[in-house]
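Structure for the following, please:
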Amino acid sequence: MGNDEHKHKIEQARQELNRLALEYGMQDDRVLRQSVKLDALLNEYSDCSAEKDDSLY
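Residues are numbered from 1 along each chain as shown. Predicted structure coming up:
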């Protein structure tokens, strides 16, 4: 997955998390599940960025 695609998916997940939190409240299971999805995307992005940085050396 390319850098721009990662950023787009992260932004979509972030917006959905905000929407769910406003609609259902921070304690709702749907909000927690979406937060886990966003965390996974952020970790994936971070891992890919680190791999690219490592390949420079």
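
residue nearest the centroid of this protein?
By Cα atoms, centre = their mean, the chain has its centre lying nearest to Leu38, at 3.0 Å.

my guess is that one contacts Arg14, does it?
Yes - using Cβ atoms under 8 Å, Leu38 is in contact with Arg14, at 6.0 Å. The C-beta positions use only the backbone N, C-alpha and C, and glycine is treated the same way.

Report the secondary structure state of Met26.
coil (DSSP: H, G, I helix; E, B strand; the rest coil).

and it, what are its phi and psi?
Backbone torsions of Met26, given as degrees, to the nearest 10, read phi -70, psi -20.

Could you give the number of residues near Gln27?
For Gln27, the neighbour count with other Cβ atoms under 10 Å is 8.

likewise Lys37?
Neighbour count of Lys37, defined by other Cβ under 10 Å: 14.

try Val31
20.

same question, Glu16
The burial count for Glu16: 15, using other Cβ under 10 Å.

need the contact list for it.
Contacts here follow Cβ atoms under 8 Å, 6 or more residues apart in numbering; on that basis Glu16 touches Gln34.

follow-up on the earlier one: and the residue nearest to the centre of the chain, what helix or strand is that in?
helix 29-55 (DSSP states H and E).

follow-up on the earlier one: residues touching the residue lying closest to the residue nearest to the centre of the chain once chain neighbours are set aside, list them.
Of all residues not flanking Leu38 in the chain, Ala13 sits nearest, at 4.3 Å (Cβ to Cβ, 6 or more residues apart in numbering). Ala13 is in contact with Gln34, Lys37, Leu38, Leu41, counting by Cβ under 8 Å, 6+ apart.
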